[in-house]
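>>> the sequence and its predicted three-dimensional model are supplied below.
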Amino acid sequence: MTSDLEVAEEDRLRADWYGLLARLLGKEPEDSFLRSLAELEGDDSEMGQAVATLGKTAARLTSEDVKHEYFALFVGAGESELLPYASYYKTGFLNDRPLARLRSDMLTLGIARGEGVSEPEDHIASLCEMMAALIAGDFGDPLSLEEQNVFFEKHFSGWAQRFFEDLEAAPSAHFYMPVATIGKIFLSIEAQAFEMAA
């Protein structure tokens, strides 16, 4: 259910950034997506440089390379380099209180778990996907900036920035190093913007 309310252009852009991070972190990119990423060009800004690095990295890797990297970083048969879940980062345990709080908020906001999704909802990709949809009004009326800030503070603050720093430094991260840099920069901009708007 989408909203008839107009979403400002800058909010659409923010939703697109969250959507891109969700797509990059939710599963390894298929070949066509990787090829489209290879066409990215940046500018002289910090974010622009990270985008340019992602484009160059995507151009020199195959989807099979990225698939192996994704597995090593996030899947790894119990030995992945990172656990991209809010519960783990906040408490040291999977499926803990942060996930329960998220599920409660999802119920309140009318967000249902996707069919066939096996990952806990506090996976970084799922949270980015939810935030994109809440900004864009994909679940009804778009959330106000104040409501977005509440969701951000509850479910991104205190861990997501650390996750992106860890991903940026992970030994297996080649394709995902610039993805991490983009995530780190973007969430820092979001946090600052929410603070200024408060």
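In hand now; what should we look at?

>>> buried stuff in the lengthiest helix in the chain?
Secondary structure of the chain per DSSP state H: the longest helix is helix 176-197. Under the neighbour-count criterion of 16 or more other Cβ atoms under 10 Å, helix 176-197 has 176-187, 190-191, 193-194 buried. The C-beta positions use only the backbone N, C-alpha and C, and glycine is treated the same way.

>>> ok, so of these, who is nearest residue 165?
If you rank these by distance to residue 165 using Cβ to Cβ, residue 184 comes first, at 6.3 Å.

>>> give me the element the closest residue to the closest one other than its chain neighbours is part of.
In this structure, residue 184 finds its nearest non-sequential neighbour in residue 164, 4.0 Å apart by Cβ to Cβ, 6 or more residues apart in numbering. Using DSSP states H and E, residue 164 sits in helix 160-169.

>>> ok, residues contacting that helix?
Residues outside helix 160-169 that contact it (Cβ atoms under 8 Å, 6 or more residues apart in numbering): 73, 82, 84, 86, 89, 124, 127, 173, 176-177, 179-181, 183-184, 187-188, 191.

>>> by contact count, what packs against the longest helix of the chain?
helix 9-26, helix 46-60, helix 145-155, helix 160-169 (3 or more Cβ pairs under 8 Å, 6 or more residues apart in numbering; DSSP states H and E).

>>> for it, the averaged confidence score.
Mean pLDDT, helix 176-197: 96.

>>> right, so of the helices and strands packed on helix 176-197, which gets closest to residue 102?
Nearest of the helices and strands packed on helix 176-197 to residue 102, taken as Cβ to Cβ: helix 145-155 at 5.8 Å.

>>> other residues contacting the closest one?
Under Cβ under 8 Å, 6+ apart, the answer for helix 145-155 is 86, 98, 101-102, 105, 109, 122, 127, 130-131, 134-135, 143, 190-191, 194, 197-198.

>>> what about those residues, which are in helices?
If you go by DSSP H, those have 86, 98, 101-102, 105, 109, 127, 130-131, 134-135, 190-191, 194, 197 in helices.

>>> next, give me the two most distant ones among those residues.
Among those, 98 and 197 lie farthest apart (Cβ to Cβ), at 24.3 Å.

>>> distance between stretch 28-37 and the chain's centre?
Relative to the centre of its chain, stretch 28-37 is centred 17 Å away, using Cα atoms, centre = their mean, to the nearest Å.

>>> same deal with stretch 118-137?
8 Å.

>>> do stretch 93-112 as well
Distance, stretch centre to chain centre, for stretch 93-112: 17 Å (Cα atoms, centre = their mean).

>>> if you rank the ones in helices among the contacts of helix 145-155 by neighbours, which is first?
Ranked by the number of neighbours (other Cβ atoms under 10 Å), the ones in helices among the contacts of helix 145-155 place residue 86 first, at 28 neighbours.

>>> what's the spacing between that residue and residue 126?
Per Cβ to Cβ, to the nearest Å, residue 86 is found 10 Å from residue 126.

>>> also residue 29?
Separation of residue 29 from residue 126 (Cβ to Cβ) stands at 17 Å.
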